[in-house]
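Asks: Give me coordinates for this.
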Amino acid sequence: MKILTYNDWLNEAKASEQYVNATITSPSLGMKKGDVVKVDALQYTSSGNDKKVDIIMANGKKASIGKKNLDVKI
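Replies: Next up, the predicted model:
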């Protein structure tokens with residue numbers, strides 16, 4: 001069992017609530033169609049269709065990608 005400090009627990013909870021799963025719809029940033037990433041849900045829902053949003057790739061790296069390249073089920 002992993003023991004967390006209160007601040008670590010809060011940060012972990014925020015991260016799990018802030019990001020949702022998304023699927024890549026066209027090749028981008030070295031990823032292929034169908035790859036799963038995490039996308040910032042608030043940013044995704046509040047930005048225009050032609051904007052970029054922050055994602056976390058499977059390797060843990062953060063990047064920005066156009067919303068048109070993502071399929072998100074919120």
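
Asks: Roughly how far does the residue most central in space within the chain sit from I24?
Replies: Central residue check for the chain by C-alpha atoms, centre = their mean: the C-alpha nearest the mean position is that of V39, 1.9 Å away. Computed with C-beta to C-beta, to the nearest Å, the distance linking V39 and I24 is 10 Å. Every residue, glycine included, has its C-beta placed from N, CA and C.

Asks: and for these two, which residues touch both?
Replies: Listed as contacting both V39 and I24 by C-beta atoms under 8 Å, 6 or more residues apart in numbering are L70.

Asks: before we move on, the earlier item: run through the neighbouring helices and strands of the strand or helix carrying the residue nearest to the centre of the chain.
Replies: V39 is part of strand 36-40 when elements are defined by DSSP states H and E. With contacts taken as 3 or more C-beta pairs under 8 Å, 6 or more residues apart in numbering; DSSP states H and E, strand 36-40 sits against strand 19-24, strand 52-56, strand 70-72.
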